[in-house]
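In: Below are the sequence and a predicted model for it; my questions follow.
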Amino acid sequence: MSRVQVAAVGISVAGIAVSVYLTVLHYAGVVPACPASGPVNCEAVLSSSYAVVAGSSIPTSALGIAWFAVSVALWTLPAGRLVLAWSAVGLLGVLYLVFIEIDRLGAICLWCTAVHVLVVALVLIAVTVRR
């Protein structure tokens, strides 16, 4: 496995870790350590109706676990275009969620932003690396 692949897998594992943390807190009914007032407000974001999948009890962070897990698999296989396509799916999800945070909720979650940065990093790697 190349260094780039190892880095991408490491970034994906970090994404899984943050997503698991947020999912566990969701089901425990606990707010993560984060400012709770002003424009940075994890509680406002993570307790909103947008924090779950289509009105279900499944937190969007659970989708993050799945997305990053698939990313790990794709980066360890000779997946080429699949990695790029999967990264594009992640980027679209991030753009949607950032829109929701800024436009609909008027608040940003630092933990969510960490996940968004990890997705963007994987997109940049996928775009720049030829496999």
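Out: Nice, I can see it. Residues are numbered from 1 along each chain as shown.

In: what about dumping the CA coordinates of stretch 100-120 to CSV?
Out: This file holds the C-alpha atoms of stretch 100-120, laid out as CSV (Å, rounded to 0.1, in the frame of the first residue of the first chain):
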residue,chain,number,x,y,z
ILE,A,100,-28.0,23.4,6.8
GLU,A,101,-25.7,24.6,9.6
ILE,A,102,-25.1,28.1,8.2
ASP,A,103,-28.4,28.9,6.4
ARG,A,104,-31.0,26.9,8.4
LEU,A,105,-29.6,26.7,11.9
GLY,A,106,-27.2,29.7,12.0
ALA,A,107,-24.8,27.7,14.0
ILE,A,108,-21.7,25.6,13.3
CYS,A,109,-20.7,22.4,15.2
LEU,A,110,-17.0,22.0,15.7
TRP,A,111,-17.2,18.2,15.7
CYS,A,112,-19.2,18.2,12.5
THR,A,113,-16.6,20.6,11.0
ALA,A,114,-13.9,18.2,11.9
VAL,A,115,-15.7,15.5,9.9
HIS,A,116,-16.3,17.8,7.0
VAL,A,117,-12.5,18.7,6.9
LEU,A,118,-11.7,15.0,6.8
VAL,A,119,-14.1,14.4,3.9
VAL,A,120,-12.6,17.3,2.0
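
In: Mind listing what's buried along it?
Out: 100-101, 105, 107-109, 111-116, 118-119 (16 or more other Cβ atoms under 10 Å). C-betas here are computed from N, CA, C, even on glycine.

In: what about the strands in the protein?
Out: Assigned by DSSP state E, the chain shows strands spanning 36-37, 40-41.

In: ranking those strands by mean pLDDT, which is last?
Out: Note on the strands of the chain: strand 36-37 shows the lowest mean pLDDT, a mean of 82.

In: Please identify the pairing partners of it and their relative orientation?
Out: The strands beside strand 36-37 in its sheet (DSSP bridges) come out as strand 40-41 (antiparallel).

In: next one: the partner strand to chain centre, how far?
Out: Put simply, strand 40-41 sits 17 Å off its chain's centre (Cα atoms, centre = their mean, to the nearest Å).

In: hmm, who's touching that strand?
Out: Residues outside strand 40-41 that contact it (Cβ atoms under 8 Å, 6 or more residues apart in numbering) are Cys34, Pro35, Ala107, Ile108, Cys109, Leu110.
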